[in-house]
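A.B. asks: Structure, please.
(2 chains)
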Amino acid sequence: MSKSVNVKKDRILDADETYLVSKYASYDTKKDSDAKVGNAKGTAVRFFSLLKPHWFAVIIVCLSSIGNTLVSVVAPDYMADIIDSVQHSIENYVYNGTPVNFGSFLDFDTILGQLFSLGALYGIMGIMSFIQQYVGAGISQKLVFNLRQQVNNKLSNLPLSYFDKNTKGEIISKVVNDIENVSANLQGSFLTVLTGVIQVIGSLYMMLNSGNIIMTLAAIFLVPFSGTIAYKVSKISKKWFSKYWGSMGAMNGHVEEMYSGHSLVKIFNHEEKSIDDFRVINRNIRKNSFVANMISGILNPILTMCKNINYVTVCIIGGCYYIGTWFNTGIAVSGALSLGKIEAFLSYSSMFSAPITSISKMINNIQSSLASAERVFELLDEEEQTPDNTENEPEELANGTVEFKNVSFRYKEDVPLIEDFSLKAEKGNIVAIVGPTGAGKTTIVNLLMRFYDIQSGQILLDGTDIMTMSRNALRENFGMVLQDTWLFKGTIKENICYGVDDATQEQIESAAKSANIHDYIMSLPKGYDTQLAEDGTNISQGQRQLITIARALLKDPKILILDEATSSVDTRTEVLIQQAMQELMKGRTSFVIAHRLSTIRNADNIIVMRKGTIVEQGTHKQLIDKDGFYAMLYNSQFTGGIPEDIE
Amino acid sequence: MSNQPRRQGPPSGGPGGPKMVGKPVSVNKNTVKRLLSYFSNYKLHMILVFVFIITSAVASVMASLFLQTLIDGYVTPMLGANSSVGFSDLAMALVKMGCLYVCGALSGLFYSRIMASVSQGILKKIRDKMFAHMQTLPIKYFDSHNFGDTMSHYTNDTDSLRQMLAQSVPQAMSSIVTIVSVFFSMLRQSVWLTLIVIAFLFIIFKAMGFIGGKSSKYFVKQQKSVADVNSYIEEMVNGQKVVKVFCYEDKSKAEFDRRNNELFNNMRKANSYGNIVGPVMNNLGYILYVILAIVGGLLAIKSIPNLSLTAGINTLTLGTIASFLTLSRSFVQPISQVSQQINAIAMAMAGAERIFALIDEAPEADDGYVTLVNAKYDADGNITESEERTGQWAWKHPHSDGTLEYIPLKGNVVLDDVDFAYVEGKTVLHNVSLYAEPGQKVAFVGATGAGKTTITNLINRFYDIADGKIRYDGININKIKKADLRRSMGIVLQDVNLFTGTVMENIRYGKLDATDEECIAAAKLANADGFIRMLPQGYNTVLEGDGSGLSQGQRQLISIARAAVADPPVMILDEATSSIDTRTEAIVQSGMDALMKGRTVFVIAHRLSTVQNSDVIMVLEQGRIIERGSHEKLIAEKGKYYQLYTGAFELE
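C.D. replies: Numbering: from 1, shown residues only, chains lettered A, B, ... in the order given. A predicted model of the protein is given here:
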């Protein structure tokens, strides 16, 4: 017997559908594309200004579109001539009633000539449209290419505060989704609008040029109507499609949570509840998807109908002109039209309406890609980090003396954080930073590395103000091992080499040996050439940390920034990491976000932080004697029952 | 068409989960049959769809044929000097033609509407079934499958099914009907001209095949490089700090440019081939048109006998040529459409196959027949079953001889000589025996991989043991219904999972019918009440994305409250508290202590304080219990535990 889960239809689904779907809103990745454009005109102008460097290609596209359209506008006239010639021949035959031999039945020479010129026209049209497509696609691709590049360059010039203020998800979405959106809609709409406008004007001109206002009206009277319908319907259907994406997002969210929390579902026996919730969301998907597809499906038949009505109207009115009376009433119609002209009007009619309806359908997409472009521009307009000052650019690496002199810093102007802070760390000293989670222990690190710039005072490296050297020159002196072990997709070797490109295999191995990871790496089938998965998930957390330690060791920095916290690794690995970190600190000036008593006791200087500010500073003994916050922290660990850990 | 590369071969993750062999994808007869079975509720719908598709296709063919009648029957005679055909006749004919158009448009509307509702219905059913089935799958499935792969069944695979049902199938059907009827109409007009069309089609297909092949190759490349660029950006944004520290900005820029360039090149190639298709097709179409017109004209002029399927040998008229020209146009388009749809259908069938594979995964087996019931004690101390909640529970054990036995739920757990292997041949637990009296606290201590979590996985039957016995209140746990077994025990896992929803909903997850008061009481017990009240909307604060707005410690407190509200007699606790500060740690600790009171507790212990006041400590090494006993006893023994305890490092 297998465990049966009730999936009967009659179980009442009483969960609140709207709530259930809306609560998963954060899983809807397409939600951004519905955002309104704040400044549509400005964004559009700026966007088109990106075309400037490609002016030559743009002109070619414009010329070829104009040429293409002109030809296609003129072609019906040629067709009309052919039809008329054929008709004349028939009329001759019918009216004269004389049996003629084949040669004289049709004015064959004339018709053949006309056919050839028509063929030539179509040939030109083909070439023109190819040029237009090819060059046009090239421009838009180049545009997207440049946009991507600009954004990427921008990202590396942004100060760290930008990354702290915005979530990584938001930034990535800007760079990935928004550019995709721009790129997807750009090429199509750009050419459609350009050629569409030319085509509409051209066909209208040709119709008016024939001097028959009534026929012109007959050919286009429904176009404003169908254009409006196309716009309205696609707007409504877009709304439903975004609802549909919302419910799809909810489904993704639900499945993801139930998948990752599957053991909880089982522990609490909530299979039924989770299935019911899924069914409610699923019902919502069904509804939204149906309506969205329905509405968008209605559009084309309606447009075809409009087109056909126009077509028939042109036929009827054209017929009246042809016969010369209005509906056999005997009222004469002035300005008789030939069959060929009527046929030409039919072509113009569709030539006039097609671009208008397709542009109206596209308006929504254009709006959403403008909104995306606007977000990308916003990113491009973000304030960059202050340019590097290189007046005291050091020739070589520093010795490792670091001094904070009366430093003041605040993230927000009205919230004082670090005021008048001074500290001197000689070469080889250990500075421990302690304090509860969220106390701002990384602030000091941020200032030292110039991720943020101090507001007053000085930070001196070997006596040189770090503001007077380039960031790269400064950072070359540092090594950093963070709790968040960042590894990238690539081999283990590449990950260790990050920072020292020209390292030899021996150097890499000796760094790995000092980091206690060499044996593990050698136990892997491909050793140092083992590929790490995108997020490094194919090795354990502890091993990741060891690799980052090896990375720092290989760089052999004079100053070290170390986050001691080790999250859930087993005892053995913990010992390895501990040893590796000790090894790493040897002979270097170290700033340690400290978690171990041994480190703290041996520190030359302890900075105690609380709620973002430095509350105490001194050696272990001084601070215990002071009996302040540090003493309290230190003592609490014994009462709290944590023997060797202070955080 | 999103054609994402699918990972083949064995998925990673899971403690040596079973290897899944990547199968080559092919359209399977059984898959088609099975998919068709989903249509059984929609027989009438499908008949209607079919009728409407035929109507719409026929109407559009007839409308183009009508042009012939129009010219031959009305326009040409009206040119005659003394024609009997008046304008009203022409108007009538036009009205008829209009009716045909309307008819075609309406039936097109109808069938797409019906088909949309059918396909949405079927998709909903498939998704429901898939999810419901997923919920019955054993833990093993989740441990051995990659989440992304499973998710793609819900998104990509169902989407390709949707495309097939709502678009490809009706379009292919309508195209085929159109092709057939147009073909016969063309034959009816002129066999010679039809032959020309067919010869030309051959050329068109050759050209299309050539260009299409080239362009699709580059489209695949383009997709790949888009993914390449995007994942690179993601990686760089995530590693921003490290990039800056190692002064790698320039390098990373250069690498990005390389990838961006590659994307640009692939995109350009794909598009340039793609862009040729349109103009080439158009021009070939025009050429066909002109050739037909010239040949038709010549045939007509020279009065060369024309072969018609219906009328035999006759002469071509102007009207025939005109309508043939229109027909030939509506012949080429559906043929290229069919070839496109076939592609989409094949993709959808591959998706369906993967979906069915998920539905066919063996569900978690449950042969248990012992259930948990509310119990009442009568005056003599005998247990009777009760409908309402009594706060007391008993196991209802029906014996094979027909007698019923009620055993009070106490929380007595015994493991007797248990062996276990996740993968056959790789035994991870050897001869594990232990007993826990009700109210006792059993701590497991040992390195990662020693088998601590495995033991708890066996007690709640996430996995079934290979050898030995586990008894719960004297009952073999294999006899207990899994749902009831799990209802009787609470678990707080190391990985805290919170669900999207309010804090209250997350706590109530422990017991769905718990009142707000019960939830708050549980939160108080778990020491979570204090911080919850500090949240912007208190208990109604909505948590998103696995409670990402909360600290690790807070998330843990909520999960403790969640277990507390269920109030089970047995608790399994995984204590690991990674990177939380001292104060929170102390709060979590006392929350856990409160939760443990009066229950049988199995703790995967990471804190010496917990270990010290356990009734029994099991020291595990490589799947064996190497030492057992109280703290004092183990310290006195000076074995592994003593080393661990006095070692320089904390357990974890």
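A.B. asks: and residue B:647, what pLDDT?
C.D. replies: We have a pLDDT of 54 for residue B:647.
A.B. asks: Likewise for residue B:503?
C.D. replies: 91.
A.B. asks: likewise residue A:105?
C.D. replies: 51.
A.B. asks: Repeat that for the one 3 residues further on.
C.D. replies: On the pLDDT scale, residue A:108 is placed at 64.
A.B. asks: What are the neighbouring residues in contact with residue B:505?
C.D. replies: residue B:499 (Cβ atoms under 8 Å, 6 or more residues apart in numbering or on different chains). Bear in mind the C-beta positions are built from the backbone N, C-alpha and C, glycine included.
A.B. asks: Check the offset of the helix or strand containing it from the chain's centre.
C.D. replies: Using DSSP states H and E, residue B:505 sits in helix B:503-508. The chain centre lies 26 Å from the centre of helix B:503-508; the measure is Cα atoms, centre = their mean, to the nearest Å.
A.B. asks: got it, and stretch A:459-477?
C.D. replies: Averaged over its C-alpha atoms, stretch A:459-477 has a centre that lies 35 Å from its chain's centre (Cα atoms, centre = their mean).
A.B. asks: Buried residues, that stretch. List them.
C.D. replies: A:459, A:461-462, A:464-467, A:469-477 (16 or more other Cβ atoms under 10 Å in any protein chain shown).
A.B. asks: who does the helix or strand hosting residue A:76 touch, helix- and strand-wise?
C.D. replies: Using DSSP H and E, residue A:76 falls within helix A:55-96. Applying 3 or more Cβ pairs under 8 Å, 6 or more residues apart in numbering or on different chains; DSSP states H and E, one finds that helix A:55-96 contacts helix A:108-157, helix A:179-209, helix A:339-381, helix B:76-79.
A.B. asks: What average pLDDT does the helix or strand following the second one get?
C.D. replies: Same thing as helix A:179-209. The helix or strand immediately downstream of helix A:179-209 is helix A:213-220, counting by DSSP H and E. Helix A:213-220 carries an average pLDDT of 83.
A.B. asks: now helix A:213-220 against helix A:179-209, angle please.
C.D. replies: 160 degrees (axes from the mean of the first three to the mean of the last three Cα atoms, to 10 degrees).
A.B. asks: Verify the assumption that residue A:459 is located in a helix.
C.D. replies: No - under the criterion used here (DSSP: H, G, I helix; E, B strand; the rest coil), residue A:459 is strand, not part of a helix.
A.B. asks: how close does it sit to residue A:407?
C.D. replies: 6 Å (Cβ to Cβ, to the nearest Å).
A.B. asks: Kindly report the same for residue B:320.
C.D. replies: Applying Cβ to Cβ to residue B:320 and residue A:407 gives a distance of 95 Å.
A.B. asks: Could you check which of the two is surrounded by more residues?
C.D. replies: residue B:320 (24 against 21; other Cβ atoms under 10 Å in any protein chain shown).
A.B. asks: Looks like residue B:190 contacts residue B:307 (just checking).
C.D. replies: Yes - using Cβ atoms under 8 Å, residue B:190 is in contact with residue B:307, at 7.0 Å.
A.B. asks: the more surrounded of the two?
C.D. replies: Neighbours per residue (other Cβ under 10 Å) separate residue B:190 from residue B:307, with residue B:190 holding more: 24 against 15.
A.B. asks: What sits closest to the more buried one if chain neighbours are left out?
C.D. replies: Ranked by Cβ to Cβ, 6 or more residues apart in numbering or on different chains and with sequence neighbours excluded, the top spatial neighbour of residue B:190 is residue B:306, at 5.2 Å.
A.B. asks: Enumerate every residue touching that neighbour.
C.D. replies: B:190-192, B:299, B:313-316, B:320.
A.B. asks: try 7 Å this time
C.D. replies: B:190, B:192, B:299, B:313-316 (Cβ atoms under 7 Å, 6 or more residues apart in numbering or on different chains).
A.B. asks: domain parsing for chain B?
C.D. replies: B:1-188+B:342-362, B:371-408, B:413-646 (automatic domain parsing).
A.B. asks: how far is the helix or strand that contains residue B:91 from where the chain is centred?
C.D. replies: Take DSSP H and E as the rule and residue B:91 turns out to sit in helix B:87-136. Here the centre of helix B:87-136 is set off from its chain's centre by 28 Å, with Cα atoms, centre = their mean.
A.B. asks: Please enumerate the strands of chain A.
C.D. replies: A:402-409, A:418-425, A:430-434, A:456-461, A:464-465, A:478-481, A:490-491, A:531-532, A:559-563, A:589-593, A:605-610, A:613-618 (DSSP state E).
A.B. asks: What strands flank the last one, and is each parallel or antiparallel?
C.D. replies: Translated: strand A:613-618. strand A:605-610 (antiparallel) (DSSP bridges).
A.B. asks: How about the first one?
C.D. replies: Using DSSP bridges, strand A:402-409 pairs in its sheet with strand A:418-425 (antiparallel), strand A:456-461 (antiparallel).
A.B. asks: interface residues of the stretch 251-400 of chain B facing chain A?
C.D. replies: Where the stretch 251-400 of chain B comes near chain A, counting by Cβ under 7 Å from any Cβ of the partner chain, the residues are B:252-253, B:256-257, B:260, B:264, B:267-268, B:271-272, B:275-276, B:278-279, B:282-283, B:286, B:290, B:294, B:301-302, B:318, B:363-367.
A.B. asks: Quick check on those: which are buried?
C.D. replies: B:252-253, B:256, B:260, B:264, B:267-268, B:271-272, B:275-276, B:279, B:283, B:286, B:290, B:318, B:363-364, B:366.
A.B. asks: Out of those, name the ones that lie in helices.
C.D. replies: B:252-253, B:256, B:260, B:264, B:267-268, B:271-272, B:275-276, B:279, B:283, B:286, B:290, B:318 (DSSP state H).
A.B. asks: low pLDDT regions in the stretch 151-300 of chain A?
C.D. replies: In the predicted model of the stretch 151-300 of chain A, residues A:187 satisfy pLDDT under 70.
A.B. asks: and the residue of it nearest chain B?
C.D. replies: residue A:261 (3.8 Å; Cβ to the nearest Cβ).
A.B. asks: What does the nearest residue in space to that residue that is not next to it in sequence show for phi and psi?
C.D. replies: What sits nearest to residue A:261 in space, not counting adjacent residues and going by Cβ to Cβ, 6+ apart, is residue B:497, at 3.8 Å. For residue B:497, the backbone dihedrals (degrees, to the nearest 10) come out as phi -110, psi 120.
A.B. asks: hang on, the earlier thing: just the buried residues out of the contacts of residue B:306, in ChimeraX syntax.
C.D. replies: Typed into ChimeraX, the line below selects the buried ones among those, using 16+ other Cβ under 10 Å:
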select /B:190,192,299,316
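A.B. asks: Please produce a markdown table containing the contacts of residue B:306, extended by pLDDT.
C.D. replies: A markdown table is the format used below for those (pLDDT from 0 to 100):
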| residue | pLDDT |
| --- | --- |
| B:190 | 84 |
| B:192 | 85 |
| B:299 | 79 |
| B:313 | 77 |
| B:314 | 76 |
| B:315 | 75 |
| B:316 | 75 |
